[in-house]
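Trainee: give me coordinates for this.
(one chain, ligands or ions: 2)
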Amino acid sequence: MLNVKNLSFSYSKTPVLSHISFQAQKGENLAIIGESGSGKSTLLKTIYGEYDIDEGEIFWNDKAVLGPKFNLVVGYDFMKYLTQEFDLMPPLSVEDNIGKFLSNFYPEEKKKRTAELIKVVELSAFAKNKVKTLSGGQKQRVALARALAKEPEILLLDEPFSHIDNFKKQSLRRNVFKYLKDKNITCIVATHDKDDVLGFADTMIVLHENKIIAKDTPESLYHNPTTALIASFFEQYNLIDNSLVYAHQLRIVSKSTKNAQVVTSYFKGRYFLIEALYNNNTVFIEHHEKLKPGTAIYLDISK
Ligand code: ADP
Ligand code: MG
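Mentor: Residues are numbered from 1 along each chain as shown. Ligands and ions are numbered 1, 2, ... in the order given. Sure thing, here's the model as predicted:
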């Protein structure tokens, strides 16, 4: 179990993390979400032991994770950290980059494991290619496979799919998170992408202004977003009569006390997102058809 107790950290005077406490169980997938600059990467780095923290303690089971002041070499065998800047060996092939972290003791086993990992990140066709010839997204996939290679007990992923295109992203997420669950590897994922969280994370932590402002299951936070920030992470939302209402919870009806005026319609595939003015405020509604600007509409909330 990862146990982060009352962690505080600052690079200079201004605090970046204040009194952060949480736990992650063995095999748990825990997502850390927050706006850019909210301290997600810093939190992962402190968990990895990259910095000396100002206050608090970090434990993996009964082992304390210590910063560079107490550790000559940063990092631990039981933990892997995939940074936002994946550092690979460009002149080497995909399979050599991944295999480098596997023991040569059982060559057959090593070959099998490397091939298995290359399959997880869907790069089998590129196994023999040099990493320097790959695209940014492909490099990120090699880095992912490499982080998995040693089967760490805990894996820290910093925006692991950020460079990967939409064509590949969906299946890759499923492959990687399924692999981690199958191997019972604890996984902490920093992200600002809801698709990295929904359907995968067991627990979600929301970082805001140096603090944890929410910690719950994604399902629970989706249904009861306690702040506008949390609602905005999931979907387009509105603040109507002081209550948070997702765009899909706002319906256009033939008559109601809430009259609004269409400003514009955005094609979103499955629906149109209608931008309208209601009481001089902009509101967004999911609707099945495009509406002309200026159309008078009536709104109803169906939660
Ligand atoms: P996130 O990953 O959520 O975008 P970061 O952890 O990278 O956020 O950054 C949190 C805050 O710490 C930001 O204000 C950022 O400017 C600052 N910061 C990040 N890295 C450093 C560093 N090496 N030195 C000084 N300040 C930093
Ligand atoms: Mg970051």
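Trainee: alpha carbons only for contacts and neighbour counts from here, please
Mentor: OK.
Trainee: just list whatever residues bridge to the residue most central in space within the chain.
Mentor: In the chain, the centroid-proximal residue (CA atoms, centre = their mean) is Thr191; its distance is 2.7 Å. Assessed by DSSP bridges, Thr191 has beta-bridge partners Ile33.
Trainee: would you confirm that Ala296 contacts Lys258?
Mentor: No - at 10.6 Å, Ala296 does not count as touching Lys258 under the criterion of CA atoms under 8 Å.
Trainee: can you give me phi and psi for Asn166?
Mentor: phi -60, psi -30 (degrees, to the nearest 10).
Trainee: what count of nearby residues applies to Glu241?
Mentor: Not Glu; residue 241 is Asp. 7 (other CA atoms under 10 Å).
Trainee: contacting residues for the closest residue to ligand 1 within the stretch 51-200 of the chain?
Mentor: When scored by CA to the nearest ligand atom, the stretch 51-200 of the chain has Ala190 as its residue closest to ligand 1, at 7.4 Å. Contacts for Ala190 were tallied using CA atoms under 8 Å, 6 or more residues apart in numbering; they are 31-33, 40-41, 44, 157-159.
Trainee: now with 7 Å?
Mentor: Neighbour list for Ala190: 31-33, 40-41, 157-159 [criterion: CA atoms under 7 Å, 6 or more residues apart in numbering].
Trainee: distance of it from Ala145?
Mentor: 18 Å (CA to CA, to the nearest Å).
Trainee: grab the nearest non-local neighbour of Val245.
Mentor: The spatial neighbour of Val245 that comes closest, neighbours along the chain excluded (CA to CA, 6 or more residues apart in numbering), is Asn238 at 5.1 Å.
Trainee: wait, that neighbour sits on Thr282?
Mentor: No - counting by CA atoms under 7 Å, Asn238 stays clear of Thr282, with 8.2 Å between them.
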